[in-house]
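**Student:** Below: sequence and its predicted model.
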Amino acid sequence: MVSRCLCVSGVGVLMLRVGLTGGIACGKTTVARMFKRRGARVIFADDVAKQLMRPNAPVYEEVIRRFGKGILQPHGRAIDRARLAEIVFGNPPRIEELNSIVHPAVVAEQDAWMGEIGQADPHAVAIVEAALIYEAGANSHFDKIVVVTCRPEQKAERFAARHQIAMEDARKEVERRSRAQIDDATKAARADFVIDNSGSEPETDAQVDKIWQRFQKLA
């Protein structure tokens, strides 16, 4: 991992920078909120990406140029993210094309956010929740990486519940999206901490608590 010194505008900022990642529907957001309740500063990469793809935002025009106006919502200028997902998932070259536009901008925003947090509180624990930390080559931007895992069948169950779709459809969609990601075992092997989110919420919370105690000593 890189040194815990993030330089922003020439000022050295000490803080603990944590990347929180894992496969689709493993419960990354739930775990991130558990850390937040304990005092961590948390940002969600998907929210950053949404902001960057709004009309007149940095990556909006380039995404439209590459993928066409067919990805816009019927009655407006906003990008229909579901339509865009239909185009790219299952098509590796198109996924790479989209990621090459979005990932650098998202990582830059995350770095800027962590810099601001570090300047305000040098002992902060700043957590970025992002599905594609390793895929984007952004793991070197963090001091510690936490990977959230769960059983494969649970992913489909959670995805079905979240999107209110049939289990078979959820299973196919999870498999399709997972092909665009590094597998959970490989991520876990590279991580500093692994949280098994296969059990109950209290069981997951207990794992978060142990890791949080480590973070507090490091921050």
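**Tutor:** All right, it came through fine.

**Student:** Specify the next element, helix or strand, located C-terminal of the longest helix seen in the chain.
**Tutor:** With DSSP state H setting the assignment, residue counts place helix 92-120 as the longest helix in the chain. For helix 92-120, the succeeding helix or strand toward the C-terminus, using DSSP states H and E, is strand 125-129.

**Student:** on contacts alone, who are the packing partners of the helix or strand following that following strand?
**Tutor:** Under the assignment DSSP H and E, the closest C-terminal helix or strand after strand 125-129 is strand 144-149. Other helices and strands packing on strand 144-149, by 3 or more C-beta pairs under 8 Å, 6 or more residues apart in numbering; DSSP states H and E, are strand 16-22, helix 28-37, helix 184-190, strand 193-196, helix 201-218. Any C-beta I mention is one placed from the backbone N, CA and C, and that applies to glycine too.

**Student:** tell me the most buried of the ones you listed?
**Tutor:** The highest mean neighbour count among those, using mean count of other C-beta atoms under 10 Å, belongs to strand 16-22: a mean of 26.

**Student:** Strand 125-129 and that one, what's the angle between them?
**Tutor:** If you take axes from the mean of the first three to the mean of the last three C-alpha atoms, to 10 degrees, strand 16-22 sits at 20 degrees to strand 125-129.

**Student:** Residues contacting strand 16-22, please?
**Tutor:** Where contact means C-beta atoms under 8 Å, 6 or more residues apart in numbering, the residues beyond strand 16-22 that reach it are 4, 6, 28, 31-32, 35, 40, 114, 124-134, 138-139, 141-149, 184, 187, 197, 215, 218-219.

**Student:** same thing with stretch 197-210?
**Tutor:** Outside stretch 197-210, the residues within contact range by C-beta under 8 Å, 6+ apart are 22, 26-27, 30-31, 34-35, 38, 148-151, 154, 195-196.

**Student:** make it 7 Å
**Tutor:** The list of residues contacting stretch 197-210 from outside it, by C-beta atoms under 7 Å, 6 or more residues apart in numbering, reads 26-27, 31, 34-35, 148-151, 154, 195-196.

**Student:** ok, back up a step: give me the buried positions along the longest helix of the chain.
**Tutor:** Counting neighbours by 16 or more other C-beta atoms under 10 Å, one finds that the buried residues in helix 92-120 are 95, 98-99, 101-103, 105-107, 109-111, 114-115, 117-118.

**Student:** Could you grab the helix/strand/coil label for the residue of the chain positioned farthest from its centre?
**Tutor:** Farthest-out residue of the chain from its mean C-alpha position, per C-alpha atoms, centre = their mean: H75, at 29.4 Å. Taking DSSP: H, G, I helix; E, B strand; the rest coil as the rule, one finds H75 in the coil state.
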